[in-house]
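# please find the sequence and the predicted model below.
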Amino acid sequence: AQSVTQLGSHVSVSEGALVLLRCNYSSSVPPYLFWYVQYPNQGLQLLLKYTSAATLVKGINGFEAEFKKSETSFHLTKPSAHMSDAAEYFCAVIYNSGNTPLVFGKGTRLSVIA
Amino acid sequence: KAGVTQTPRYLIKTRGQQVTLSCSPISGHRSVSWYQQTPGQGLQFLFEYFSETQRNKGNFPGRFSGRQFSNSRSEMNVSTLELGDSALYLCASSPLTAITNYGYTFGSGTRLTVV
C-alpha cells in the first residue's frame, strides 16, 4: 500500500538549533504532500503543503520543506527552534489526484530543550 | 470564519453502548472526513463524505458508520463499544474540488473513553 514514512518517533533539539523532521513517501508518481502540527489536546493544524508549484515550500511559524523527487522525500526544517515548537508533527500524503484519502505518517514528537 | 466544530469534546461510555459524534464543517466545505487517533496506531482514516455520499472508507469494522446531511454536517456512530475504541476522533473538512491544493482543516476532536 502506498504510504508515508516519518523517520524518528521522537526528536529533541536545543532552543535555537536547527529542526529537521524527516518524511519519505512511497510512490513513483509524485503525490501531494502536507505537514501538520498537533499541540496537546488539540486537532491538527496545517503547516505547509506541496502541490507541485515549487519544490521549496514555506509554511507558517518559520517552517519550510523541500520536495526532492530523486530521494522521494519531503523533510521539514526550521533554522532556529523555539520552545513553542514542541509538539507532534505529521507528514501526510494524497495520491491519485485527490481521489484517495489523506494518509498520515506515524508522527514525530519534537521536544525543545532550553 | 468559523472552523470545524466537533461535539462533544469529551465522552465517557461503557462497553457495549453506542455513541454518536458530530462534526460541523467550515461553511462552504462539502467534504468531511473522519479519523481515529490512538497512541499505538496513529491517525487512521475512517471514512469520507461528500454531498451526503460516502466517497471513501477505511479498514474499520461495520460497527463504525457515518452519514452526512444536506447542510454538510456529519455524524459518526460507533455501536457496541469496545475498550479499544477509546481514541481521539478527528473530523476534517475541505472544499472537495481543491483538496490537493487546499488540504484539510481539522477540528479539535472528540476524546472518547470506553470503560
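In hand now; what should we look at?

# residue contacts, the spatially most central residue of chain B?
Relative to the mean C-alpha position of chain B, the nearest C-alpha, by CA atoms, centre = their mean, is the one of residue B:34, at 3.0 Å. Shown here is residue B:34, whose contacts under the criterion CB atoms under 8 Å, 6 or more residues apart in numbering or on different chains are B:23, B:45-48, B:66, B:74, B:76, B:89-92. To be clear about C-beta, it is placed using only N, CA and C from the backbone, and glycine gets the same treatment.

# can you report how many residues neighbour residue B:64?
Residues lying near residue B:64 (other CB atoms under 10 Å in any protein chain shown) number 18.

# pLDDT below threshold where in chain B?
When residues are selected by pLDDT under 70, those of chain B lie in B:1, B:96-101.

# show me the strands in it, by range?
Taking DSSP state E as the criterion, chain B carries its strands at B:5-7, B:10-13, B:19-24, B:31-38, B:42-50, B:53-57, B:64-68, B:74-78, B:87-94, B:105-106, B:110-114.

# is chain A within reach of the fifth one?
Yes. Contact of strand B:42-50 with chain A is found when judged by CB under 8 Å from any CB of the partner chain, involving B:42-43, B:45, B:48.

# what parts of chain A come near chain B?
The interface of chain A toward chain B, taken as CB under 8 Å from any CB, is made up of A:32, A:34, A:36, A:41-46, A:49, A:51, A:90, A:94, A:97-98, A:100-107.

# can I have the buried ones of these as a ChimeraX selection?
Provided next is the ChimeraX selection string for whichever of the residues of chain A next to chain B are buried by 16 or more other CB atoms under 10 Å in any protein chain shown:
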select /A:32,34,36,43,44,46,49,51,90,94,98,100,101,102,103,104,105,106,107
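
# just say helix, strand or coil for residue A:16.
Residue A:16 carries the three-state label coil when classified by DSSP: H, G, I helix; E, B strand; the rest coil.

# that one - how many residues pack around it?
The burial metric for residue A:16, expressed as a neighbour count using other CB under 10 Å, is 11.

# part of a helix, is residue A:70?
Yes. Counting by three-state DSSP, residue A:70 is part of a helix.

# count the residues that sit near it.
5.

# pLDDT score assigned to it?
Predicted confidence (pLDDT) at residue A:70: the value is 90.
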